[in-house]
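> Mind looking at a prediction? Sequence and model below.
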Amino acid sequence: MANIFPRGSNYLPIKILVCLLVLGGALTAGISYYFTNKYTNVGYQPVQPVPFPHDVHVKQVGMDCRYCHSFVEVAAHSNVPTTQVCMNCHQQIQKDSPKLQAVRDSWQTGKPIEWVQVHKTPDYVYFNHSAHVNRGVSCVSCHGKVNEMPVVYHSQPLSMAWCLDCHRHPENALRPVDQVTNLDWVPPVKPGQTPAEAQVAQGLELKKAWNINPPDGNCAGCHR
Amino acid sequence: MSKRVYQHPTEPATGKKYWRSMGQLSSSPEFQGWLEREFPQGAAEFHGGDVSRRNFIQLMGASLGLAGLGFAGCRRPEKHLVPFTRGVEWSIPGKALFFASSMPSRRGAVPLVVATHDGRPTKIEGNPLYSATNGASDLHAQSSILDLYDPDRARFFVKSGKKADAAQFEAELDGLIQGAGDGAGLVFLLQQAESPTRKRLCGLIAQKFPKATWAVYEPLSARSGNRVFSGGLQPVPRFDVADIVLSLDCDFLGAEMVVEQARQFSARRKPSAGAKMNRLYSVENRFTVTGGMADHRLRIPASQVGAFAVALARELGQRLNDASLSGVVADIQEGPVKFPADWIKWCVDDLVQNTGRSAVLVGARQPESVHALVALMNASLKSFGKTLVGRRVASGPVSGVKPIEHVAKMLSTGSAKALVIIGGNPVYNAPADLNWAKVQKDFIEEKKGAVIHLSSYEDETSRLSTWSVPQAHYLESWADAYATDGGYLSVQPLILPLFDGWSELDLLAKFAGQPKPTGPEQVQETFKQAAKPADFTVSWSKFIHDGFESSLAAKPLELMVSPEAKDFVKSGLKLANPAPGEFEVVLIADAKVDDGRFANNGWLQELPDPITKTTWDNVAQISPESARQLGVETGDLIEVSVADRKAEFPAYILPGHADGSISVPLGYGRDFSGRVGGSGVGFNAYPLMTTSQPYFVTGAKVRKTGRKYALAVTQEHGSLEGRGPDLLREGTVADYEKNPEFAKTMGMDSHAHWKTVNGKKSEVINPSLYSHPPLTNQHQWGMTLDLSACTGCSACMVACQAENNIPIVGKEQVIWGREMHWIRTDRYFASEGNETADPEMVYQPMMCQHCENAPCETVCPVNATVHSDDGLNVMAYNRCIGTRYCANNCPFKVRRFNFFDYNQRKIENGGLYKWNLTAPKGTEDTIKMQKNPNVTVRMRGVMEKCTFCVQRIEEAKIAKKVEARDSNNTRVAADAFTSACAQACPSEAITFGDIKNPESQVSKLREGERGYRLLEYLNLNARVSYLARIRNPNMKMPGAEKIGGYSRDQHHSAVQDKSVHSGGSI
């Protein structure tokens, strides 16, 4: 009696298994890369209603972050400036620039400017700006070098694992409180140290001196 | 060390016991269901929905397929940040702002501080600057924030049933005012309130329209006027001075509660070295919160309180040799009802021995003659100026205020031309014999009169009025008010009227010939006239900032019994003579909806009544003995008829109720009151109320209808097996003096192995197999609950609901045991054997105990409930997959599960049961505005429970860190903040704070004498401690030996078999 299945089918289970393994591996790899914050969020750079260049305002004009983001030290939310704040200067400077038409319209009509949100934590995360900037965590740690960005983009993943990296090792981010809004600050490097080592050394010192103890095992620190 | 085994004794069949319901005593299957499971059989099933479990799976499969096609969820939605155009003063996005205000009520305003988030008022607290209340508030103040956002509030000006607008109304109003001449035929019907500005405006109107008629109507206030004391004063008790209090049907901790008085009273219920406890005697027909707190309680029908007062006055006159007092009652015939003579004798003995430190209080709605007799007794006891002070109560907005029956007569005879009803709802709540609905209808249709009704809701009266005007909430309007203790308070708006309502003062200002106020100008005018400030701007700003002005407070006055008081007693005191088989019906104030005005507040409707634990309904409370005679059970509909008036109510057998008496709360069975409390919620008792019998109605016939009614009663929810005596620990002052730490080693804890320090048992030695991470944080949070001070008023439950975004679930869901309250107030009765006639009542607030060795944490398969390093048992909602294992394993049954999307779906019309894609989603926008932005709004399938207000903890910690900046002191100061329940508690029974900080109140109380923890021997290491309840019985009184003694030797008497309860090693 002839075989019902051709000879080649003996290898079929192995072939299927190999295919499944490859497919499964690809799927796992794909998800673990493409579904992460790092892939989905980093680099997000939406077009804003007003082309506000952070680099010009900080690097050229020398403004401090807190001139516009004025409540960052007192509130959980770091506010986006009111139209009034823009107009403080732009009543005199560049007052006819077409780029600022939206600001002038808002000022005249009273209708607010709708800035597109770049950095967003999920709504079950209660991130508090004031708790970080008052305790030596710089803007640059989460937002990147905004002072060099003509258009703001998402620079860090802002995922939970990324948050916890820092909550478990705050020494990697701590700096003197008066240098928090200086995004170009680097720790003083002693001879024989790499900059990273200098940061850790200084960070550990500050952590001890200021009693820095961020919630790491405490879910309620961020989720309420 | 060998293993230790604790055998739980079974609940004793006889002997002293704590129990929650008649069902528990008879061990009904329903009760067994509640006892053995955390939710009843079938609670996890779909009921009445359009989806069964099977086709649910099918639909889920289909939806997965659909979702796979689009990948719509993979795009990041564009979100916008929208700042103000111009900065708003004080406003910091995301930070709360606090403003002082106060909530006007007929008993006096409650001083408040209201939190606003980005312009939305979100939470109400008591004003901590006001020393008399010290930051405490009450149930109605807590719940009033929801009324502000009620989407069912009156939104439009309505003329004869048609929508109109404000301009049209103002034009017609101006016409009416101009045509009113000297005011003859112009009638104002107001509610009771003590606002100096209202009084001033009414005075102006009275000058302009001297012939106008003024009337005040409150269904739940005394209708007899203030003739008992000279000068129309009213007595205000001073519980800080009173050592002995006798309450004759006066529910001063419940329906007649005033925050500052409850605070004074409770402060005297906490024994400690050097502080003398007060003693409370209570005489009442039904169990009230006050009766539950009483050291001695006597149940008699409400109509017999007058007769009891006579018997008391006789004994008192004899004891004091007071011929004048004896003379007043000498001629009054003794009634047929006999009162226990030794009860009266020893009660009077106690009052007399404490002359000048004792007070007799009488319920506001008892007849004037009883008030007069009690005033005379207090005069003999020399209470005036000591335990009772006088307070001038504005008898009305102007002098010569008429009762409501006068208004009804004017309307029906046609001598009235226009009726202005400001607040109030007479069509619903006027006495039945006035036939108000018909009178008002005829007045408009036949007499061509005009009725203007200013009302928060389009209610029964609005629908029969010419003009219905939406009324602004007190958080939307400027006003002023007096507190009960005389403080002059500001009422400050926090938001512009959401629905363009007018305030009472707006309407009165128009009648006074002034423009409608746009701001505080009318209140400022009153303030200027009264305070005559040197610098107005500074004084006014301070008044608004603090919320009160001490220099304008009304001073306590001296009380003098008026000369006619004796005549009121002699001529007015009629002793009720009940015929056999007839009942008295007592129309009581509801603890939740009051006279019906709060009927559309879902938080209040779903709050279990402090006594009956009924939600979403009112019930006819009846004693077990009367129920046996009538053959009714709880849930049977009974028909109550008096003369030709009839009403139906569901019966509720209430242990401790007087026989021959039925108590029915008013305020339910509304025809029109929005979607929450409208028709179908409860039963209307007003048809039984008449002008001559506004409180108790005698001669009622009761008939069983044979029909049943489903009640949502929570008294058996969360029952804990056989652990009543172990959870509740009480004793008397004598027990306490003998051993102040008696509570620590009661019940099963007596068998625990205690570490002894200096001869005292300091802590239980509990070896543990389970090692948990060390609690290293510098803060360790804990709470104490003082069972001695807790009255069971349930203000904490609503405060928690407001703070933590807890949804309401509706009556049907409550029946299934799905209510969401994070804190519940367990009400227990205590008695010997199965005796139900005269039990004692004990409250125990119960919430997550934050066990350090939490049984819930070990069973969670996804680590959604874990321990934090500061000792909290925290819930990570996002991790929770809804297995409910944690709730199964919780020994206190305090975990709550979101069976449905209560925050997203409509509760009414089966909206919860419709499947996702078919049900309309979303809640009213205004309801969303109330939510606390710092607390997650939970979705379906998530477990939740008390968090110790973790958002407040984190806020305090962060505030301290911000303050510390580059220094190392990040420790939150002792008692810098507290939880929502502790802040609201009017009796200061709840204390919250850092137990690791020796300065904090909570650490002192926790380590203190009366502290004990629940189920200590199970090694739970709970963070919540209870302070044992101490009672102060007069040992000469009959039955005194039983009082407060139910847990004393409970455990030992219960267990016969010594080997079982030895707790030894095996």
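Nice, I can see it.
> helices and strands of chain A: which one bottoms out on pLDDT?
Least confident helix or strand, chain A: helix A:37-40 with a mean of 79, by mean pLDDT, DSSP states H and E.
> close to chain B, is the helix or strand just after that one?
Helices and strands here follow DSSP states H and E; after helix A:37-40, the next one along the chain is helix A:54-55. No: using Cβ under 8 Å from any Cβ of the partner chain, helix A:54-55 stays clear of chain B, with a minimum separation of 15.0 Å. Using the backbone N, CA and C atoms, a C-beta is placed for each residue, glycine as well.
> Now helix A:54-55: average pLDDT?
The pLDDT scores in helix A:54-55 average 94.
> Just the residues contacting that helix, thanks.
Helix A:54-55 has contacts (Cβ atoms under 8 Å, 6 or more residues apart in numbering or on different chains) with A:146-150, A:152.
> Counting neighbours, which of those residues end up buried?
Among the contacts of helix A:54-55, those classed as buried by 16 or more other Cβ atoms under 10 Å in any protein chain shown are A:146-147, A:149, A:152.
> ok, which pair from the residues you listed is furthest apart?
Using Cβ to Cβ, the buried ones among the contacts of helix A:54-55 span at most 10.7 Å, a distance reached by A:Asn147 and A:Val152.
> ok, now which ones touch the one residue in the stretch 151-300 of chain B that gets nearest to chain A?
Among all residues of the stretch 151-300 of chain B, B:Pro151 sits closest to chain A, at 23.7 Å; criterion: Cβ to the nearest Cβ. Listed by Cβ under 8 Å, 6+ apart, the contact set of B:Pro151 reads B:924-927.
> for chain A, which spans come out with low pLDDT?
In the predicted model of chain A, residues A:1 satisfy pLDDT under 70.
> before we move on, back to that, widest-spaced pair of the contacts of B:Pro151?
B:Asp925 and B:Ile927 (7.3 Å).
> Could you check which of the two has the larger neighbour count?
Comparing B:Asp925 with B:Ile927 by other Cβ atoms under 10 Å in any protein chain shown, the one with more neighbours is B:Ile927, at 15 against 9.
> which helices and strands does the helix or strand containing the more buried one pack with?
For B:Ile927, the element it lies in under DSSP H and E is helix B:925-930. For helix B:925-930, the elements it packs on are strand B:120-126, helix B:139-148, judged by 3 or more Cβ pairs under 8 Å, 6 or more residues apart in numbering or on different chains; DSSP states H and E.
> Tell me which of those lies nearest to chain A.
Going by Cβ to the nearest Cβ, the one of these nearest chain A is strand B:120-126, 15.0 Å.
> Please enumerate residues in contact with the closest one?
By Cβ under 8 Å, 6+ apart, the residues outside strand B:120-126 that reach it are B:96, B:103, B:110-116, B:133-137, B:141-142, B:144-145, B:148, B:259, B:475, B:494-495, B:802-803, B:929-933, B:980, B:983-984.
> Buried subset of these as a PyMOL selection?
Remark: buried members of these, expressed as a PyMOL selection using 16+ other Cβ under 10 Å:
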select buried, chain B and resi 96+103+110+111+112+113+114+115+116+133+134+135+136+137+141+142+144+145+148+259+475+494+495+802+803+929+930+931+932+933+980+983+984
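> now, which of the contacts of strand B:120-126 lie within strands?
With strands taken from DSSP state E, the overlap with the contacts of strand B:120-126 comprises B:96, B:103, B:110-116.
> can you tell me which two in those are farthest apart?
Comparing all pairs in the ones in strands among the contacts of strand B:120-126 by Cβ to Cβ, the longest separation belongs to B:Ala96 and B:Val110, at 20.2 Å.
> Now do the SS call for residue 100.
I'll assume chain A. helix (DSSP: H, G, I helix; E, B strand; the rest coil).
> look at chain B instead
Reduced to three states by three-state DSSP, B:Ala100 is strand.
> if I look at it, how far off is B:Pro493?
Distance from B:Ala100 to B:Pro493, counting by Cβ to Cβ, to the nearest Å: 12 Å.
> which residue sits closest to the residue in the stretch 801-950 of chain B positioned nearest to chain A in space, ignoring its chain neighbours?
The minimum distance from the stretch 801-950 of chain B to chain A, using Cβ to the nearest Cβ, falls at B:Ser868 (3.9 Å). Distance criterion Cβ to Cβ, 6 or more residues apart in numbering or on different chains; nearest residue to B:Ser868, sequence neighbours excluded, is A:Asn218 at 3.9 Å.
> Please apply the same query to B:Leu1018.
B:Pro891 (7.0 Å).
> cool, A:Arg168 as well?
Nearest one to A:Arg168, counting by Cβ to Cβ, 6+ apart, is A:Asp216 at 5.1 Å.
> burial count for that neighbour?
A:Asp216 has 14 nearby residues by other Cβ under 10 Å.
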